[in-house]
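**Student:** missing the sequence, but the structure's below:
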């Protein structure tokens with residue numbers, strides 16, 4: 001399985017996507033390509049990505065699964081005053097859904113993205129990249145605290 005963390009437009013993005021199974025891109029890429037999030041999903045599908053999505057910070061994730069069905073996964077409702085440092089949150093998100101996929105290959109992409117959402121929610125409450133790397137118990141604690149409120 002190949003995965004793309006599409007943070008921004010590169011000269012080879014169009015060609016590279018042909019080789020990507022899971023493409024999760026930042027809202028910034030939509031802006032750079034002058035595409036709405038919905039049009040970006042269509043674009044990712046047209047390039048052959050079997051799962052694709054756009055991370056949109058506090059607006060959550062807009063994504064499609066292997067069947068092409070589009071889903072919205074809202075961000076967890078973390079109080080604004082608890083958001084300390086968003087740098088690296090996307091990297092934690094991408095690492096977490098890949099970890100979830102490898103640890104639980106039979107789970108759904110919705111499950112993998114929920115896990116990643118909790119991991120990145122942990123990260124944004126910590127200053128610095130190392131301090132923001134969650135453990136499995138950290139992720140579970142975030143899920144217990146916030147997921148019931150979604």
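**Tutor:** Done, it's in. Remember, it's a predicted structure, so these values are computed and weren't measured experimentally.
**Student:** any stretches of this structure with poor pLDDT?
**Tutor:** 150 (pLDDT under 70).
**Student:** what about the strands in it?
**Tutor:** 3-6, 22-26, 51-55, 61-64, 70-73 (DSSP state E).
**Student:** report the inter-axis angle for the third one versus strand 22-26.
**Tutor:** Which is strand 51-55. Inter-element angle recorded for strand 51-55 and strand 22-26: 10 degrees (by axes from the mean of the first three to the mean of the last three C-alpha atoms, to 10 degrees).
**Student:** any chance of the strands of the chain in JSON lines, with distance to residue 103 and mean neighbour count too?
**Tutor:** Quick note: C-beta positions are derived from backbone N, CA and C, even for glycine. Shown next, in JSON lines, are the strands of the chain (distance: least, C-beta to C-beta, whole Å; neighbours: other C-beta atoms under 10 Å):
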{"stretch": "strand 3-6", "distance to residue 103": "15", "mean neighbour count": "20"}
{"stretch": "strand 22-26", "distance to residue 103": "15", "mean neighbour count": "24"}
{"stretch": "strand 51-55", "distance to residue 103": "17", "mean neighbour count": "27"}
{"stretch": "strand 61-64", "distance to residue 103": "20", "mean neighbour count": "22"}
{"stretch": "strand 70-73", "distance to residue 103": "19", "mean neighbour count": "14"}
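**Student:** possible to save those as CSV with distance to residue 134?
**Tutor:** Shown next, in CSV, are these (distance: least, C-beta to C-beta, whole Å):
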stretch, distance to residue 134
strand 3-6, 18
strand 22-26, 18
strand 51-55, 17
strand 61-64, 18
strand 70-73, 18
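**Student:** check contacts around the nearest residue to residue 88 once chain neighbours are set aside.
**Tutor:** Distances taken as C-beta to C-beta, 6 or more residues apart in numbering place residue 129 nearest to residue 88, at 4.4 Å, with adjacent residues excluded. For residue 129, the contact set (C-beta atoms under 8 Å, 6 or more residues apart in numbering) comprises 87-88, 91.
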